[in-house]
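>>> Predicted structure and sequence below. I'll ask about it afterward.
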Amino acid sequence: MDRDAILKSLRERILAFATLRVSRAQAEDLTQEVLVVLHEKYPNVTDLTELVPLAFQVLRFKMLDAHRKSLRRGEYNQESIDDLPLTDPGDDPATQLDQKQRVERLLAAMTQLGDRCRELFKWKLEGKSFPEIQKIMGQNSINTIYTWDLRCRKQLLSLLDGSWE
Amino acid sequence: MSEHDLEKLLGGFTADTLTSEEKQTLYTAALQDQQLFNSLADEQALKELLADPDVRRRLLASLEQKSASGAGGSLLWLDWFRRPAGLAFAGGLAAVALALVLGVRIYQDSLRQAAQSVATEDEKPASPPAPIPPSSRPATPQTVEPQAKAKENGAPAIDLPKKDTSIDNLDKRERFAPPPSKEERVSDVARDSLKQRGEQGEIRRQAEAPVAALSKSAEEVTSSADQKLAASSAPPATAPEPKQIQAPAGGRVAATATPALSARALFYGGEPGRADTSSTAKEQEQAMKPLAESAPQANRPERPLEGPSQLGKVAGTVAQLRPLGLHYSFIVRGTDGQEREVDAAMASKSIQPVFLTVEANQDAYLQVWKAVGSLTPQLLWPEKETGQISLKITAGQRQYISLPMESGPVTLTARLSRVPPGLTMKHEAAMFDRLSPNQLQESITASNQTASQERATYVVTQDPSTAAQVTVDITLNR
């Protein structure tokens, strides 16, 4: 699959995904912005295994940026833009606090997992692949590791109230 | 890989641990599947979080700390115990332990009850069948050692007639006591208490010697008896004269301390232990009960009423080998209604009705004559109404003869023989062979029987022939 075919498929998926979160018009703008970034800043990325995760990452940034723009424009509280402070190019304190809170929630949820899930997450955080984890945990089938990981993720997601955010 | 299986790769996507093949498969599928694409987009937030090395380090530290603390200690035990299988296993163990404890306890109770029932069964044979005061029942003899000694001393010199082992009642054994065989002794051992056996063993030794000596001449027997009765106060008897043995120390003393040729032992023949058993039991009874309440077992009126046929059968088989013996005593009824044995002197003085009890150790013919002063003897028993001059009595069955109440000297002559007396003249019959040769007599009186309540006289002839008879004069001066 070449780069153009991948980008074409990505556009359809990104638009469908964004439509579920924002309005149709905003979703189309969001999709267009993602593809512009991929086209202008990452023209050399052609491999599927690199281009798709890059698209997910750009999509997330664009969605967070759109959310922040909406806040700045007062689309939620209709405040005057003159009253708002200047934009900090780095992470704003709200973003930092949000990330900190997410980490703490994740740590608290991790401690509530079972031994197997904690062990599995530990190997993953150490960068072990599923085949390597299979050998470490002494399982004959890698599907066992897949199944364990799926169940552990679902358990962790439920402990995080159903959202990674 | 199906779509369902592709979802399993999402975990590797967030941790960025997918292999190139897994990534290729996952991303290709994500471009074709909107749902998978949405899932990957949602996972992107976690992926970014885990991509931060600081966050990853903190998570790893948290996981390792938790696993280290949970690896050892009681939490694992607690977790194991909380599992249903663990609970079931623990419950099963508890049930098994409880069942084991209860089973052991029930088993011990059953053993205890069995022991009690055996003890009760042992006591029952010692109880008289008739309404005899409990105090008069023979108690369990005391020691085991005499029986053991008797066994250690070996078998008797001669084979004695067998005893009917089915008679395990002490009363029956008292009435008729042929010498037991070895097997029968074993069965007796199982039935009787150890003390009884000990006493029996002592008497067996005492009795076997005289029985063995029956084949000897009367002089030899007399000599042997005199030797054995070294401590006896009885005067030495000459051969043709009736042997009058005044038991020197009474039943128990004679049985345990002085091995002697005893008419009493001969009377009970092959079951020598019964005499001492009776004596020992009486001693115990005397120690525990008032004297007035204790009636000698050997002289209980009710005792002969049971099992005469069985005893008679036994007597028939052994009569030819056993010395013919007669036992008599006096019975008076006290003011308390209890019957007890008394000696002749007491019987003479008693104002209460006096009964003469006569018992044979084998089936034999009995007649009792009464002579008042110098008058011609008259047949006292059997009574005139029977039209007989003698009646056959069964071994061990005690006959009660009411004595006349008239005052003055009365001489009673009891005659016991294996064959019916052929003489028709009463006075001649009374005088016939009054002084039988080879006759031993032993009286258990208050003077020599300090420990027992037995007051009786045993007269035994050592004549083994069928024509042997026992004749004894009993003098009363009322």
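Sure, I can see it.
>>> Look up how far residue B:85 lies from the closest residue to residue A:131 other than its chain neighbours.
Nearest non-adjacent residue to residue A:131, counting by Cβ to Cβ, 6 or more residues apart in numbering or on different chains: residue A:142, 6.0 Å away. In this view, the C-beta of every residue, glycine as well, is placed from N, C-alpha and C. Using Cβ to Cβ, to the nearest Å, we find residue A:142 at a distance of 29 Å from residue B:85.
>>> Equivalent analysis for residue B:477, please.
Residue B:477 is 99 Å from residue B:85, by Cβ to Cβ.
>>> Same question for residue B:472.
Distance from residue B:472 to residue B:85, by Cβ to Cβ: 91 Å.
>>> Enumerate every residue touching the closest residue to residue A:108 other than its chain neighbours.
Spatial nearest neighbour of residue A:108, chain neighbours left out: residue A:159 (7.8 Å); criterion: Cβ to Cβ, 6+ apart. Contact analysis of residue A:159 by Cβ atoms under 8 Å, 6 or more residues apart in numbering or on different chains lists A:108, A:109, A:112, A:113.
>>> From residue B:22, how far out is the residue nearest to residue A:131?
For residue A:142 relative to residue B:22 (Cβ to Cβ), the value is 10 Å.
>>> got it, and residue A:150?
Using Cβ to Cβ, which is the criterion applied here, residue A:150 is 14 Å from residue B:22.
>>> can you point me to the longest helix in chain A?
helix A:48-72 (DSSP state H).
>>> other SSEs contacting the helix or strand in which residue A:120 is found?
Following DSSP states H and E, one finds residue A:120 within helix A:115-125. Helices and strands touching helix A:115-125, by 3 or more Cβ pairs under 8 Å, 6 or more residues apart in numbering or on different chains; DSSP states H and E, are helix A:130-136, helix A:142-159, helix B:10-15, helix B:53-71.
>>> Return the most buried member of those.
Of all those, helix B:10-15 carries the top mean neighbour count, a mean of 24, counting by mean count of other Cβ atoms under 10 Å in any protein chain shown.
>>> Skip ahead from it and say which helix or strand is next.
Once the chain leaves helix B:10-15, the next helix or strand it forms, by DSSP H and E, is helix B:20-32.
>>> tilt between that following helix and helix A:48-72?
50 degrees (axes from the mean of the first three to the mean of the last three Cα atoms, to 10 degrees).
>>> Just the buried ones from the contacts of residue A:159?
A:109, A:113 (16 or more other Cβ atoms under 10 Å in any protein chain shown).
>>> which residues touch residue B:391?
Contacts of residue B:391 (Cβ under 8 Å, 6+ apart): B:365, B:366, B:367, B:381, B:382.
>>> now the helices and strands packed on helix A:115-125 as CSV including mean pLDDT and distance to residue A:14?
Formatted as CSV, the helices and strands packed on helix A:115-125 follow (pLDDT from 0 to 100; distance: least, Cβ to Cβ, whole Å):
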stretch, mean pLDDT, distance to residue A:14
helix A:130-136, 88, 27
helix A:142-159, 87, 23
helix B:10-15, 81, 17
helix B:53-71, 75, 26
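>>> In chain A, where is pLDDT below threshold?
A:73-91 (pLDDT under 70).
>>> Longest helix of chain B, counting residues only.
Longest helix in chain B, counting by DSSP H: helix B:84-123.
>>> Doesn't residue B:419 lie inside a strand?
No. Assessed with DSSP: H, G, I helix; E, B strand; the rest coil, residue B:419 is coil; it does not lie in a strand.
>>> That one reaches residue B:363, doesn't it?
No. Using Cβ atoms under 8 Å, residue B:419 makes no contact with residue B:363, being 11.0 Å away.
>>> So between these two, which is more surrounded?
Neighbour totals were compared for residue B:419 and residue B:363, and residue B:363 leads with 21 against 12 (other Cβ atoms under 10 Å in any protein chain shown).
>>> separation between that one and chain A?
According to Cβ to the nearest Cβ, to the nearest Å, residue B:363 and chain A sit 97 Å apart.
>>> can you check residue B:42 too?
Applying Cβ to the nearest Cβ to residue B:42 and chain A gives a distance of 6 Å.
>>> Find the helix or strand that that residue is a member of.
Counting by DSSP H and E, residue B:42 is found in helix B:34-51.
>>> Output that helix as PDB, restricted to C-alpha atoms.
Provided in PDB are the C-alpha atoms of helix B:34-51 (Å, rounded to 0.1, in the frame of the first residue of the first chain):
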ATOM      1  CA  GLN B  34     -13.500   2.100  11.500                       C
ATOM      2  CA  GLN B  35     -14.100   0.600  14.900                       C
ATOM      3  CA  LEU B  36     -10.600  -0.600  15.300                       C
ATOM      4  CA  PHE B  37      -9.400   2.800  14.100                       C
ATOM      5  CA  ASN B  38     -11.500   4.500  16.800                       C
ATOM      6  CA  SER B  39     -10.100   2.200  19.400                       C
ATOM      7  CA  LEU B  40      -6.500   3.000  18.300                       C
ATOM      8  CA  ALA B  41      -7.300   6.700  18.400                       C
ATOM      9  CA  ASP B  42      -8.700   6.400  21.900                       C
ATOM     10  CA  GLU B  43      -5.600   4.500  23.000                       C
ATOM     11  CA  GLN B  44      -3.500   7.300  21.700                       C
ATOM     12  CA  ALA B  45      -3.900   9.200  24.900                       C
ATOM     13  CA  LEU B  46      -2.600   6.400  27.000                       C
ATOM     14  CA  LYS B  47       0.200   5.800  24.500                       C
ATOM     15  CA  GLU B  48       1.300   9.400  24.900                       C
ATOM     16  CA  LEU B  49       1.200   9.100  28.600                       C
ATOM     17  CA  LEU B  50       3.200   5.900  28.600                       C
ATOM     18  CA  ALA B  51       5.600   7.400  26.200                       C
END
